[in-house]
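Build me a model from this:
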Amino acid sequence: MSKIIELREKRAKVWEQAKAFLDEKRGEDGLLSAEDTKTYEKMEAEVVSLGKEVERLERQAAIDLELSRPTSQALTGRPTTGGEEDKTGRASGEYEKAFWNAMRRPVVNESDRQSLTVGTDSEGGYLVPDEFERILIEALEEENIMRTLAKIIKTSSGDRKIPVVASKGSATWVDEEGPILESGDTFTQVSIGAFKLATMIKVSEELLNDSVFDLSSYIAKEFGRRIGAKEEEAFFIGDGEGKPTGIFNGSGGAELGVTAVKATEITADELLDLFYSLKAPYRKKAVFVMNDATVKAIRKLKDGTGQYLWQPSITAGEPDTLLNRPVKTSAYIPTLEAAAKVIAFGDFGYYWIADRQGRAFQRLNELYAVTGQIGFKATQRVDGKLILAEAVKFLQMKA
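Below is the predicted model:
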């Protein structure tokens, strides 16, 4: 943790130096010379690289903490005859043991097969144990920033209809003993389904047969990396066709907040306009999301008092800020170009991610046999939609 704090302080110091250099070297026209631009960009690149190293160390610390947790809790009370009921189904120890036996062995014995009947998937695999599913979700959250911002719900099967207020009622002034006009809320529905997302994970036979090899950790890491990346892409730019509907999608996505005057440049005033295009109740929990390249483009902008709009984080666990609101970045958000939607600002708690219960794995013995590998097919069903469009606004570049 001391290393993270040290890097954060160094990053803040470099950024202060970069700002001072920028203010000192700007000419009367507000521009830098070619040589000074090169120097500034080098300092800015150091700020970016230090930020990424801090993020890596924080992720490592989170993983170390998870792996250091005890696999079971110590007994602190006396045994009782009428204690809690034994866990059943996919939460039972019997199911967990049978599941990992099935993943490690080419043939499932009859005893394990009987234990796995409660979690047999329709496609021939097995639903993962409850505890392992929790680990998979944590792995997804590490790889997908939208899962840290959005509301997560669980569905058992089929579509889920979510009632949403389409228009709100209002009060009116009336004469004494005059009639009171009816004015009620009207509702519409947002339907959240379950789209299938899958990946194939391969492990060598030698590694799989090594008793020291931690198969569950490897699968969780790979599952989180691959599925998490594909989820994040869909949650931002998905078109709703066979995948979730993204925040930046033209239909079902966020509302237009501001259109930039130029095709590849954003001004401080436009960021302020985007900020205030969002209604005040949503600004309380609002977050900026954009591409790293966009952060780089707006890092030099100042407000009317000469203060930089973007500020680096100097506290462990806290994000960088823009106009005093957190900034999150994703490689899947479009970069600065004509007509592109490049920044979203809003309360992403109104983006709902629906997890269909039961992520499934299937061992494939023959598919990669010629290369001495065993395949594991991993599938999950998920959907995501913004249920209230006015809760998130986007900035779009000039066409």
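
what are the ranges of the strands in the stretch 251-399 of the chain?
In the stretch 251-399 of the chain, the strands defined using DSSP state E, counting those that start in this stretch lie at 255-259, 287-290, 310-311, 321-322, 325-329, 341-346, 351-356, 360-364, 373-386, 392-396.

which of these is buried the deepest?
Compared across these, strand 341-346 shows the largest average neighbour count, a mean of 27 (mean count of other Cβ atoms under 10 Å). Placement of C-beta: from N, CA and C, glycine included.

for that strand, the distance to its chain's centre please.
15 Å (Cα atoms, centre = their mean, to the nearest Å).

what does stretch 242-250 give?
In terms of Cα atoms, centre = their mean, the centre of stretch 242-250 is found 14 Å from the chain centre.

repeat for stretch 389-399
19 Å.

ends of that stretch, how far apart?
23 Å (Cα to Cα, to the nearest Å).

Report the mean confidence score over it.
For stretch 389-399, mean pLDDT rounds to 95.

And the contacts of that stretch?
By Cβ atoms under 8 Å, 6 or more residues apart in numbering, the surrounding residues in contact with stretch 389-399 are 247-248, 252-264, 266, 270-271, 274, 277-279, 282, 336-351, 386.

can I assume residue 44 is in contact with residue 295?
No: counting by Cβ atoms under 8 Å, residue 44 stays clear of residue 295, with 10.1 Å between them.

Residues that sit against both of those two, list them.
Here residue 44 and residue 295 have no joint contacts, going by Cβ under 8 Å, 6+ apart.

least trustworthy helix or strand in the protein by mean pLDDT?
strand 160-167 (a mean of 65; mean pLDDT, DSSP states H and E).

Give me the next element, helix or strand, following that strand.
The C-terminal neighbour of strand 160-167 among helices and strands, as given by DSSP states H and E, is strand 186-192.

Mind listing the strands the next helix or strand after that following strand pairs with, and their directions?
Counting by DSSP H and E, the element after strand 186-192 in chain order, helix or strand, is strand 195-204. Its sheet considered, strand 195-204 pairs with strand 373-386 (antiparallel) by DSSP bridges.

Output the strand it pairs with as CSV, restricted to C-alpha atoms.
Provided in CSV are the C-alpha atoms of strand 373-386 (Å, rounded to 0.1, in the frame of the first residue of the first chain):
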residue,chain,number,x,y,z
GLN,A,373,-5.0,-29.9,-24.6
ILE,A,374,-8.4,-30.0,-22.8
GLY,A,375,-11.0,-27.4,-23.6
PHE,A,376,-13.5,-25.8,-21.3
LYS,A,377,-16.5,-24.2,-22.8
ALA,A,378,-17.8,-21.3,-20.6
THR,A,379,-21.2,-19.7,-21.1
GLN,A,380,-23.3,-17.1,-19.4
ARG,A,381,-26.5,-15.2,-20.2
VAL,A,382,-26.6,-11.5,-19.6
ASP,A,383,-28.4,-8.3,-20.8
GLY,A,384,-28.0,-4.7,-20.0
LYS,A,385,-30.1,-1.6,-20.7
LEU,A,386,-30.4,2.0,-19.6
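
ok and that strand relative to strand 392-396, angle-wise?
Strand 373-386 runs at 100 degrees relative to strand 392-396, counting by axes from the mean of the first three to the mean of the last three Cα atoms, to 10 degrees.

Going forward, the N-terminal residue is numbered 3.
I'll keep to 3 as the first residue from here, and by that count the last item is strand 375-388.

circling back to that earlier point, export the strands of the stretch 253-401 of the chain to TSV and tack on distance to residue 304?
Converted to TSV, these look like this (distance: least, Cβ to Cβ, whole Å):
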stretch	distance to residue 304
strand 257-261	18
strand 289-292	17
strand 312-313	10
strand 323-324	12
strand 327-331	16
strand 343-348	18
strand 353-358	31
strand 362-366	52
strand 375-388	32
strand 394-398	18
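
Residue 152: which of these is closest?
Residue 152 lies closest to strand 353-358 among the strands of the stretch 253-401 of the chain, at 4.3 Å (Cβ to Cβ).

how many other residues sit next to the residue nearest to residue 52 when sequence neighbours are not counted?
Distance criterion Cβ to Cβ, 6 or more residues apart in numbering; nearest residue to residue 52, sequence neighbours excluded, is residue 13 at 4.0 Å. Neighbours of residue 13 under the rule other Cβ atoms under 10 Å: 22.

Look up how far residue 97 lies from residue 119.
Look at residue 119 and residue 97: by Cβ to Cβ, to the nearest Å, they are 10 Å apart.

shaky segments in the stretch 3-152 of the chain?
Applying pLDDT under 70 to the stretch 3-152 of the chain flags the ranges 3, 65-88.

switch the cut-off to 90
Where the stretch 3-152 of the chain drops to pLDDT under 90, the residues are 3-95, 103-104, 106-145.

Among the strands of the stretch 253-401 of the chain, which comes closest to residue 9?
Between residue 9 and the strands of the stretch 253-401 of the chain, the tightest spacing by Cβ to Cβ is seen for strand 312-313, at 16.5 Å.

list the helices and strands that closest one packs on?
Under the contact criterion of 3 or more Cβ pairs under 8 Å, 6 or more residues apart in numbering; DSSP states H and E, strand 312-313 touches strand 323-324.

returning to what we had before: residue 49 is in contact with the residue nearest to residue 52, correct?
Yes: if you go by Cβ under 8 Å, residue 13 and residue 49 touch, sitting 5.8 Å apart.
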